[in-house]
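J.: The following block contains a protein sequence and its predicted model.
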Amino acid sequence: MARSATRTAPINLRALDSERSLIDRAAAMLGKNRSDFMLETACREAENVLLDQRLFMLNETDFDSFMAMLDAPVKDNPALRKLMAHKAPWE
């Protein structure tokens, strides 16, 4: 979300006092107010949920295009090859 955008869509919810206190403490530790903390956290989690989907629906044309991309030969990637040539720090 652009920082210059004006927030106009209300989101209302009820919480226990203990939940609100927990959220307020966490927000304060990050130097944020409750609304900013809750909105940023909820949006981040929503993105994770959406990105974690393993089933997606495509029409026939899009499916054929998707399969063609998967079946295409892998392009050379010198930067990736260089990265993979180094031992991992934990090895």
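T.: Sure, I can see it. Numbers count the residues shown, from 1 in each chain.
J.: can we go C-alpha only for contacts and neighbour counts from here?
T.: OK.
J.: by contact count, what packs against the longest helix anywhere in the chain?
T.: In the chain, with assignment by DSSP state H, the single longest helix is helix 34-51. Counting contacts by 3 or more CA pairs under 8 Å, 6 or more residues apart in numbering; DSSP states H and E, helix 34-51 is packed against helix 17-29.
J.: Could you check the angle the helix it packs on makes with helix 34-51?
T.: Between helix 17-29 and helix 34-51, the angle comes out at 90 degrees (axes from the mean of the first three to the mean of the last three CA atoms, to 10 degrees).
J.: Quick check: mean pLDDT of helix 17-29?
T.: In this model, helix 17-29 carries a mean pLDDT of 97.
J.: how about that helix: buried residues?
T.: By neighbour count with 16 or more other CA atoms under 10 Å, helix 17-29 contains the buried residues I23, D24, A26, A27.
J.: wait, the second one sits on S35?
T.: No: using CA atoms under 8 Å, D24 and S35 do not qualify as a contacting pair, with a distance of 9.4 Å.
J.: intersection of neighbour lists for the two?
T.: Counting by CA atoms under 8 Å, 6 or more residues apart in numbering, no residue touches both D24 and S35.
J.: contacting residues around A27?
T.: N33, R34, F37.
J.: Tabulate those residues (a markdown table), appending neighbour count and pLDDT.
T.: Below are the contacts of A27 laid out as a markdown table (neighbours: other CA atoms under 10 Å; pLDDT from 0 to 100):
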| residue | neighbour count | pLDDT |
| --- | --- | --- |
| N33 | 15 | 96 |
| R34 | 17 | 96 |
| F37 | 18 | 97 |
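J.: Can you add distance to M67 and give those back as a markdown table?
T.: Output for the contacts of A27, formatted as a markdown table (distance: CA to CA, whole Å):
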| residue | distance to M67 |
| --- | --- |
| N33 | 46 |
| R34 | 45 |
| F37 | 40 |
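J.: ok, these vs P89, which is closest?
T.: If you rank the contacts of A27 by distance to P89 using CA to CA, F37 comes first, at 34.3 Å.
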